[in-house]
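# kindly generate the corresponding structure for this input.
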Amino acid sequence: MRAKELQSLKRDLLRRRRTILETAERAQEELEALRGAERDPEFEEGAQSEHEQDMLAQMSETQRREIAQIDAAIARIDAGEYGICRDCGAEIDPRRLAAVPYALLCTECAESAVETARARP
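Numbering: from 1, shown residues only. Got it, this is the predicted structure:
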């Protein structure tokens, strides 16, 4: 990949990272507002609170994972290692990187990893 393409990709990754953080912050603010608001008497207090906690935990874990993947991709760009398969060392197809910009594996190695995971009991 050319330097100009890498810098553009890095900007896109940073933009996505910022969006995730802003979304998480808004979700936290909304959850706090819900907690402060009067509860709907139609729902059990415990069930409503448990649902809110589950949603927040699920969203936060997904967002944390994506941010970690973005940070790792940016580190690979800075180190000059971006777009190289972690397992076989081949160049990752640019179409795969366009779809999954923080991909660590080429298509063949990713498919092999999925097959191996499926084969485990």
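# find the nearest non-adjacent residue to Arg86, please.
Closest residue to Arg86 apart from its sequence neighbours, by Cβ to Cβ, 6 or more residues apart in numbering: Leu104 at 4.5 Å. For the C-beta atoms, the positions are set from N, CA and C on the backbone; glycine is no exception.
# that neighbour: neighbouring residues, count only.
For Leu104, the neighbour count with other Cβ atoms under 10 Å is 17.
# and Leu31, how many neighbours does it have?
Neighbour count of Leu31, defined by other Cβ under 10 Å: 15.
# which strand or helix spans it?
Following DSSP states H and E, one finds Leu31 within helix 3-36.
# give the buried residues for the helix or strand hosting Glu115.
Using DSSP H and E, Glu115 maps to helix 107-119. For helix 107-119, burial by neighbour count (16 or more other Cβ atoms under 10 Å) applies to 109-110.
# which residues are contacting it?
The list of residues contacting helix 107-119 from outside it, by Cβ atoms under 8 Å, 6 or more residues apart in numbering, reads 85-88, 90, 92-93, 96, 103, 105.
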